[in-house]
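**Student:** Structure, please.
(chains A and B)
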Number of protein chains: 2
Amino acid sequence: MIAVDAMGGDFAPQEVILGAIAAAQQGIPVCLFGDQPTIQKIIIERKLDISHLPISIVHTTQVIDMGQEPTRAVLDNLDSSLVAAVNAVKNGQCSSIVSAGNTGACLAAGTLMIGRTPAILRPAIGNGVPTKKGLAFCIDLGANPDSKPEWLVQFAHMGALYQQLFFSIPNPRIGLLSNGTEAYKGSKANKQAYELLKTAPLHFVGNVEPSDIINGAVDVVISDGFVGNIFLKTMEATGSLMQHFITQTVASSWFDTIWFGLRKSLFRRVKARAMYDQVGGALLLGLQKPLIVAHGCSNAKAIEQAIRFAHKVVQERMIEKFNQKIAQLADVIKPAAPLFSSDFKSSENLN
Amino acid sequence: MIAVDAMGGDFAPQEVILGAIAAAQQGIPVCLFGDQPTIQKIIIERKLDISHLPISIVHTTQVIDMGQEPTRAVLDNLDSSLVAAVNAVKNGQCSSIVSAGNTGACLAAGTLMIGRTPAILRPAIGNGVPTKKGLAFCIDLGANPDSKPEWLVQFAHMGALYQQLFFSIPNPRIGLLSNGTEAYKGSKANKQAYELLKTAPLHFVGNVEPSDIINGAVDVVISDGFVGNIFLKTMEATGSLMQHFITQTVASSWFDTIWFGLRKSLFRRVKARAMYDQVGGALLLGLQKPLIVAHGCSNAKAIEQAIRFAHKVVQERMIEKFNQKIAQLADVIKPAAPLFSSDFKSSENLN
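**Tutor:** As a prediction, the model looks like this:
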């Protein structure tokens, strides 16, 4: 059963509920965590019959909003939809969590309640982004701003393992997202990570720029969580800008307007290739159980896809297999002793 | 006369020479700095007649390549095309510099030889990026990775002044590029800058995500140089990805292929709105003289546009007016004393 945080996200609870119902209609058991009267009101207003669906509701009284500082938000809202959902997975009542809410709070709740995979310093958000040659697996897409060099190296190990296990890429090419391909380019943390990655047992190809990623030059992209998030969101925003430019330009000619009307399916197909809600949410790798972070602005379709993805992750035992492999590689993945102590000190940065 | 670094850029010297000749044909006096035999060979091979054009060549013996550490590269290559071009502006023989070469080396040469605008801690690259409602002026687009909070505040002052002076926006809305709009989001430096910006005499609207920028929510976008560079390059790369998706999707239908062939002008118009080489190079703000950084992968058209932009900057005395205003605002722009000392210590970060 997938635990769904019904109150998390810009369009929650309505879009989350509709997405969860759509997933349940496909036979995926779902448990909605949130304010029961609100959830039932929406179901009644929309005249939805869920009596025959594998869907249940667990009432919670608190909501973590986007503006709250993550660790504080978790500790102050133990009866929130998110914390209750995470707790249900911790206790084994549910198999995985889907939330479109506060990403930092997801990370904090996951780390504090479910726990990290042994040897992993920081869980990180990983997902495929579209390129001209398929998908590149990008990690971290937003969990860890100000990532330390040794975290970035672990992201590389996690990304490589993900591509090996689930996409059968034997020796994934790994690139470090930077402002230039030269070794001296990048932030201080990036430059230090570059040096560590050079000697790591990975197929590290060096720094990559956004155009290299789009051209399909690498299978895994490593980045600081802040930078990776800007990268992902800029791709999405630029897609919307291009659509705007095309629509405006088309509207200036009656001939194009007619054609555009006739060929709507063409642009739907273009959009489908570029759209992120087709991929569903992103996995938080480095936790003991599956936690899927959906986009804050997810609509019902995106939530449905995220739940389907969570279902697949559970069915295929992806996180179990991933963590088993991490345990086998622990000696390789663990940074040397002095780096551990620096990580320990930095635990105040959890948000 | 515009000093052009003929040897800088991925497609130098050929594309730079062709771009410079195109600008000279429009009556803009240009001086090419680079290896004279190589430059003349290209001109002869292409059967170009430059005898009647306002174009001159200054022979230099060294080239700074993209892989060199910037400050070292400048100090070790005093007879390079870039350093000679910057020197010509310093001595008053030329009025401004255009280079598509090593950005870090441009910053280092500009800072060391021409000098910073008094009160400005770090020169930064600023340029307009296309949005649904015109352009947003983004600063810093690549000069300063690991920007300190007080530098970010100065970028805000410089960006606001640029929009006031040259785009007649009386009270520009300023956003800080971040991974979320909430105040707690962002890197450590961003969060500190947020606090400083809240009390600065600026129209600071808070953190902005890429979608806010694209939707035209702000007039000025502030970012760390590393992050700003990733933002800009991701926009460019995504534009190319969308074009790829459209071309591929169109090719799967004979009807669309014919229409696409007939309506090439439509996509040219879309591209023109999104293309960055139409805007020309970006200004390095915070220097005493105009230095224009063109994209490393500039073709002849982009170089021509950058030279035209440099010419406009000189004709309209933009840097003079800008620096006069900065001098008037020095007391507002200068950070408090303790911040200065931290800047002083960090001068080893110049690259």
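
**Student:** which regions of the stretch 151-300 of chain A sit below the pLDDT cut-off?
**Tutor:** A:255, A:259-260, A:262-267, A:270-279 (pLDDT under 70).

**Student:** mind listing the strands for it?
**Tutor:** Counting by DSSP state E, counting those that start in this stretch, one finds strands in the stretch 151-300 of chain A at the ranges A:173-177, A:203-208, A:220-222, A:282-285, A:291-293.

**Student:** Mind listing what's buried along the helix or strand just after the last one?
**Tutor:** Proceeding C-terminally, strand A:291-293 gives way to helix A:300-315 as the next helix or strand, assigned by DSSP states H and E. Residues of helix A:300-315 classed as buried by neighbour count (16 or more other C-beta atoms under 10 Å in any protein chain shown): A:300-311, A:313-314. C-beta coordinates here come from the backbone N, C-alpha and C atoms, glycine included.

**Student:** Then stretch A:65-78?
**Tutor:** A:66, A:68, A:69, A:70, A:71, A:73, A:74, A:77.

**Student:** any idea what sits nearest the fourth one, other than its immediate chain neighbours?
**Tutor:** In space, and not counting its chain neighbours, residue A:70 is closest to residue A:104: 3.1 Å by C-beta to C-beta, 6 or more residues apart in numbering or on different chains.

**Student:** give me every residue that touches that neighbour.
**Tutor:** Counting by C-beta atoms under 8 Å, 6 or more residues apart in numbering or on different chains, residue A:104 touches A:69, A:70, A:71, A:73, A:143, A:351, B:184.

**Student:** Show me which pair in the buried residues of stretch A:65-78 is furthest apart.
**Tutor:** The span of these, defined through C-beta to C-beta, is set by A:66 and A:71 at 14.9 Å.

**Student:** hang on, the earlier thing: tell me how far the residue nearest to residue A:70 lies from residue B:317.
**Tutor:** Using C-beta to C-beta, to the nearest Å, residue A:104 is found at 48 Å from residue B:317.

**Student:** And for residue A:321?
**Tutor:** From residue A:321 to residue B:317 the distance is 66 Å (C-beta to C-beta).

**Student:** now residue A:176
**Tutor:** Applying C-beta to C-beta, the value for residue A:176 to residue B:317 is 42 Å.

**Student:** ok, now residue A:206?
**Tutor:** Residue A:206 is 43 Å from residue B:317, by C-beta to C-beta.

**Student:** Neighbour count: those two, which is higher?
**Tutor:** residue A:206 (19 against 11; other C-beta atoms under 10 Å in any protein chain shown).

**Student:** Please point out which parts of stretch A:103-122 sit buried.
**Tutor:** A:103-114, A:116-117, A:119-122.

**Student:** ok, back up a step: Throw the buried residues of stretch A:65-78 into a markdown table and include pLDDT, thanks.
**Tutor:** A markdown table is the format used below for the buried residues of stretch A:65-78 (pLDDT from 0 to 100):
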| residue | pLDDT |
| --- | --- |
| A:66 | 78 |
| A:68 | 80 |
| A:69 | 85 |
| A:70 | 89 |
| A:71 | 90 |
| A:73 | 92 |
| A:74 | 93 |
| A:77 | 94 |
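
**Student:** closest to residue A:261 among those residues?
**Tutor:** Nearest to residue A:261 among the buried residues of stretch A:65-78, with distances taken as C-beta to C-beta, is residue A:66, at 38.0 Å.

**Student:** Hmm, that closest one is touching residue B:180, no?
**Tutor:** Yes - counting by C-beta atoms under 8 Å, residue B:180 is a contact partner of residue A:66 at 7.2 Å.

**Student:** shared neighbours, the two?
**Tutor:** Contacts common to residue A:66 and residue B:180, judged by C-beta under 8 Å, 6+ apart, are residue A:296.

**Student:** send the alpha carbons of stretch A:119-127 over as CSV?
**Tutor:** Extracted in CSV, the C-alpha atoms of stretch A:119-127 (Å, rounded to 0.1, in the frame of the first residue of the first chain):
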residue,chain,number,x,y,z
ALA,A,119,27.5,4.2,4.7
ILE,A,120,25.5,7.0,3.0
LEU,A,121,26.1,10.4,4.5
ARG,A,122,23.2,12.2,2.8
PRO,A,123,20.1,10.9,1.0
ALA,A,124,19.7,12.7,-2.3
ILE,A,125,17.0,13.2,-4.9
GLY,A,126,17.6,11.4,-8.2
ASN,A,127,15.6,11.4,-11.4
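
**Student:** Briefly note if that stretch comes near chain B.
**Tutor:** No - using C-beta under 8 Å from any C-beta of the partner chain, stretch A:119-127 stays clear of chain B, with a minimum separation of 11.0 Å.

**Student:** Check the offset of that stretch from the chain's centre.
**Tutor:** 11 Å (C-alpha atoms, centre = their mean, to the nearest Å).
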